[in-house]
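Engineer: could you work out the structure for the sequence below:
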Amino acid sequence: MTKKSFASSARARRHAKSAKPMPDSKLDLSDIPESTDAELRRSRRVGRPVSGKAKQLIAIRIAPQLLRRLRRMAAKQSKPYQTLIHELLEKSACRVARRRPSGRHPAFDFLPLLVSSF
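Structural biologist: Okay, here's the model as predicted:
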């Protein structure tokens, strides 16, 4: 009787960890047939749709209680919470730009306006 090996076993994990990545130039793709014109016409793009209004992905740290509040607000408005955050930031930035703070960096006036939106 042979012992079965599973990808989740400790032995398999050790082997996977010690394996070296293979460069693309070493891959043998000769057994994959070329796509026909008909297949290419039927194909569709996978992933996010291309739009003229692409947004930049960023990472920010937000207090957990503030994030919970934002998520609840977004749920009440039936919209994704990230969309709500974007709208709130955009509104506050427009207000700050119109106010023209006197001598201070606009970022310092930005936060009180954002908090007052709640």
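Engineer: for this protein, which residue is closest to the average position?
Structural biologist: residue 57 (6.1 Å; Cα atoms, centre = their mean).
Engineer: how close does that one get to residue 82?
Structural biologist: Between residue 57 and residue 82 the distance is 11 Å, computed by Cβ to Cβ, to the nearest Å. The C-beta positions use only the backbone N, C-alpha and C, and glycine is treated the same way.
Engineer: pLDDT below threshold where in the chain?
Structural biologist: For the chain, the stretches flagged by pLDDT under 70 are 1-8, 100-118.
Engineer: next, give phi and psi for the residue nearest to the centre of the chain.
Structural biologist: Per-residue torsions, residue 57: phi -80, psi 130 (degrees, to the nearest 10).
Engineer: residues of the lengthiest helix in the chain that come out buried?
Structural biologist: In the chain, taking DSSP state H as the definition, the longest helix is helix 81-99. Neighbour counts over helix 81-99 (16 or more other Cβ atoms under 10 Å) mark 81, 84, 85, 88, 92, 96 as buried.
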